[in-house]
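[1] Fold the following, please.
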Amino acid sequence: MIGYVTLGTNDLAKAAPFYDALAAELGIGRMMEYETFIAWGEPGGGAGIGLTKPFDGNAACVGNGVMVALAAKDQAQVQRLYDIALANGGTDEGAPGDRGGGFYAAYFRDLDGNKLNAFVMPAGE
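    So this is what the prediction gives:
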């Protein structure tokens, strides 16, 4: 259902390496790049993520209650994505662990404060 998601940044050049590192772990790369916008994903694949300076010229700000969830293949990849996020300037919002019912996730923020998580759903869900 979701085609892609876009998050705002105030410094695209500084923020892009954070997403390059996460994307590399997920086996994808940049698929579109302009002076004020970069998108990561796979053409014809699942939903991708874009990072942009706001079109209206105002400062990017974090949405309260907004979060982008990255589907991981297993718990080990959840851990790697969390570690990569923190190693690339992200901040902790919840270490990897079971969140109930077999839902395993880690939560972190990017350099602009946008909230993300990496997760694995229970088998058969």
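
[2] Name the next helix or strand following the longest strand seen in the chain along the chain.
    For the chain, the strand with the greatest residue count under DSSP state E is strand 91-98. Note on strand 91-98: by DSSP states H and E, the next helix or strand toward the C-terminus is strand 104-109.

[3] Tell me the helices and strands packed up against that following strand.
    Secondary-structure packing of strand 104-109 (3 or more Cβ pairs under 8 Å, 6 or more residues apart in numbering; DSSP states H and E): helix 75-87, strand 91-98, strand 115-120. C-beta coordinates here come from the backbone N, C-alpha and C atoms, glycine included.

[4] Let me know which of the ones you listed is tucked in deepest.
    strand 115-120 (a mean of 21; mean count of other Cβ atoms under 10 Å).

[5] for it, the distance to its chain's centre please.
    The chain centroid and the centroid of strand 115-120 are separated by 7 Å, computed with Cα atoms, centre = their mean, to the nearest Å.

[6] just stretch 54-68 next, same as before
    Its chain's C-alpha centre and that of stretch 54-68 lie 14 Å apart, by Cα atoms, centre = their mean.

[7] In this structure, where is pLDDT below threshold?
    124-125 (pLDDT under 70).

[8] tell me the centre residue of it?
    Residue closest to the average C-alpha location in the chain (Cα atoms, centre = their mean): residue 116, at 5.2 Å.
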